[in-house]
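Trainee: Generate a structure from the sequence data that follows.
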Amino acid sequence: MERKLRADALISNISEMRLTRRGFTRYLMAIGAAPLAGGLLAACGGDDDDDDDDDPPADDADPTATEEPDEPDEPTEEPDDGGEDEATEEPEDDADETEEPDDEGDEEETEEPGEPPAQGQSIPLPYDLEEPGTPGGQLIIGETAEPDSANPMIASASNLAGVFANVFEGLTQIDPTNGSAMPLLANSWEISDDGLVYSFTIQEGVTWHDGTPFTAQDAKFTYDLIFDEASASPRHGSWTGAVESVELVDDSNLTITLIRPNAPFLTTQGVQGIIPMHIMQDVPPAELAQHSFSTGEQGVTIGTGPFMFEEWVSNDYILFAKYEDYWQGAPYLDTFVHRVVPSPAVIGQQLRTGEIDIAYLQPPDLESMQAEESLTVVTYDSARTVWYGYQLDPERSTLFQEKEVRQALFYALDRPPMVEVLEFGLAQVAVGMMTPISWAFDPDAVELHYEHDLDLANQMLDDAGWVMGDDGVREKDGQRLSFTMHTFSGDDLLEQYLVVMQQQWAEVGAEMTPQFEESNAFISRITSTHDFDMFLFNNSMGSDPDQSIYWTCGAYESGFNMTRYCNEQVDMLAEQGLAATSNEDRQEIYTELQNIMVDELPVAFMIFQQRIMAVNNRVHNYFPNALRTWVGQHKWWVDS
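Mentor: Residues are numbered from 1 along each chain as shown. Below is the predicted model:
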């Protein structure tokens, strides 16, 4: 009965708001109210989403040579732009700084790889793998988004998300079973007793896709470019804040000296994708983003990974072909395709027909997909969170400079019904900023839980001098509490969140106008131009508690601090958390840090999501998990 009352309340609220026709229909169907769609669509005044009506590309432009099915009556949701838990954004696995777990305590003990593999030979994977029954074939992953760059050094983490992890590799990779560091392009490393100096030995027998040998010089070249502010790498701040120097010993050895001990270094900076010096050394750093290496060109966009870049047809597909001379052995697959599906509805259809093999699902699709005999559906806790940020730059907006206003708006949100109805129960209300898969997750240690309290929200706004106007919108000093909130277009779930938030904030006199835009434009808005009042986002924050790249002062221009939040105490604690050598000490530090953040509330973590992935049963050696799915791609294979 409680669930029905909450659902009915949300339906009533939504009927009074604007929403796209497709988004509103999706919401009604998700809560079992499809018969209401026709009458309420007119009342909502929603516009049709033209993207859903786009004709599919001609078959001769599509390497999968399949036809897009008609959009079904019941559309499905599409995963966020990250497309991968590791990533981030996040972003991507090996280049995603938002997904760098570290489950062990003493870093020097836990990150030692032990006995290194034979040089030039395959690194053992932490799974029981099947030998391929039918080598060859093609694997297709379907998403509605595509990366904003092929270059792992400059791509935004949440958009890179595994797509180009087929091409580019880092010195280390993340163990998907426990989050610790595994060897990759470095076959071994040593850490000094003071935790400052990392000495890497490079894997022998590695070549770039054009046959040029990979050396330690390529790694140093990549890191030096990140250090160059002109490159505009979003990883610039995290590197300059952590690394003192990168020194080339010889072609096979590299030494990185840190400014201070950095507990998750091997699973953050260590996994950074490396780019080829011989291709990029003459390109001015400021021109990296426009170079064909970054935009995608066969024979120019080359890496050391198991697959070679072949072709990128924007908003259609990215095609990769196996690299026969891959240093861990030729991949079993012939080709790999990242397919951009024109609408969320088509994801489910193409999974059913076998036109795509792997895709993330949203909660409304779980039951129907579980009934498909050709699919295996996996659900798991993740590092993904739905959160929003306030504009804190006073030159852009003065609405949210008062902590009390930010807190009041969060108290006004009723999040349990959002979990129950919008997420179909496959999520939890966020408490604090550490995700459920993190070893630092401890909601009992978080002092403020922001339970729904309209009376408190109204009282806080009254006390802050925001007076309710005749039109139901509060005012203070001639300024109305009215603002725009941006998010991705085409993500039905985020659209529904904005609609519900709009209504709930209206109850306390705050007027929010939703604004939806294409994914890359939205990412540019919040990470580059910073032209927003508020934004709603969902991405992986990582399982390691270090979130410096998001909240520290120096990460505004050179990281992912989108809100311009700056607190010297938070910066100090972030440094202490990186320098601590045990999880017990780090837990204490990050508890203090997140309590400051949760109190000051520059961003508000709303929901911790589970992930749902559907995998065709013809796919073998692919293991969805919360830490890192993109591992061992050269061992993936499909039935013919």
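Trainee: Can you name the residues in contact with the longest helix along the chain?
Mentor: Within the chain, and with DSSP state H defining each element, the longest helix by residue count is helix 583-600. Helix 583-600 is contacted by residues 104-105, 263, 403, 406, 432-434, 439-440, 442, 445-448, 450, 545-546, 551, 565, 567, 569-570, 573-574, 576-577, 580, 603 when judged by C-beta atoms under 8 Å, 6 or more residues apart in numbering. (C-beta placed from N, C-alpha, C; glycine too.)
Trainee: what's the offset of it from the middle of its chain?
Mentor: Distance, stretch centre to chain centre, for helix 583-600: 22 Å (C-alpha atoms, centre = their mean, to the nearest Å).
Trainee: next structured bit after it?
Mentor: strand 603-616 (DSSP states H and E).
Trainee: got the angle for that following strand vs helix 583-600?
Mentor: Using axes from the mean of the first three to the mean of the last three C-alpha atoms, to 10 degrees, the direction of strand 603-616 lies 120 degrees away from that of helix 583-600.
Trainee: Summarise which helices and strands strand 603-616 is packed against.
Mentor: strand 358-361, helix 366-370, strand 375-390, helix 403-411, strand 427-429 (3 or more C-beta pairs under 8 Å, 6 or more residues apart in numbering; DSSP states H and E).
Trainee: Name the stretch among those that sits most buried.
Mentor: strand 358-361 (a mean of 24; mean count of other C-beta atoms under 10 Å).
Trainee: contacts for that strand?
Mentor: By C-beta under 8 Å, 6+ apart, strand 358-361 touches 76-79, 83, 139-143, 341, 347-348, 350-351, 369, 377, 611-616, 619, 622.
Trainee: Spell out which residues make up each domain of this protein.
Mentor: Residue ranges for each domain of the chain read 2-48, 101-137+168-287, 383-612, as given by automatic domain parsing.
Trainee: Adding mean pLDDT, write those out as a markdown table.
Mentor: Formatted as a markdown table, those follow (pLDDT from 0 to 100):
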| stretch | mean pLDDT |
| --- | --- |
| domain 2-48 | 34 |
| domain 101-137+168-287 | 87 |
| domain 383-612 | 94 |
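Trainee: Export those domains as a markdown table, with columns for distance to Asp639.
Mentor: Below are these laid out as a markdown table (distance: least, C-beta to C-beta, whole Å):
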| stretch | distance to Asp639 |
| --- | --- |
| domain 2-48 | 33 |
| domain 101-137+168-287 | 6 |
| domain 383-612 | 23 |
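Trainee: Between those, which one is closest to Ala321.
Mentor: domain 101-137+168-287 (9.7 Å; C-beta to C-beta).
Trainee: Residue most distant from the centroid, this structure?
Mentor: Asp470 (41.8 Å; C-alpha atoms, centre = their mean).
Trainee: State the helix or strand in which that one lies.
Mentor: Asp470 belongs to no helix or strand when assigned by DSSP H and E.
Trainee: cool, Leu494 as well?
Mentor: helix 492-506.
Trainee: Backbone dihedrals for the closest residue to Ser292 other than its chain neighbours, please?
Mentor: The spatially closest residue to Ser292, leaving aside those adjacent along the chain, is Val300, at 5.0 Å (C-beta to C-beta, 6 or more residues apart in numbering). Dihedral pair for Val300: phi -110, psi -50, per degrees, to the nearest 10.
Trainee: Now for Val300, how many residues are close by?
Mentor: For Val300, the count of nearby residues is 18 (other C-beta atoms under 10 Å).
Trainee: Now that it has come up, it's in contact with Phe293, right?
Mentor: Yes - counting by C-beta atoms under 8 Å, Val300 sits close enough to Phe293 to count as a contact (5.1 Å).
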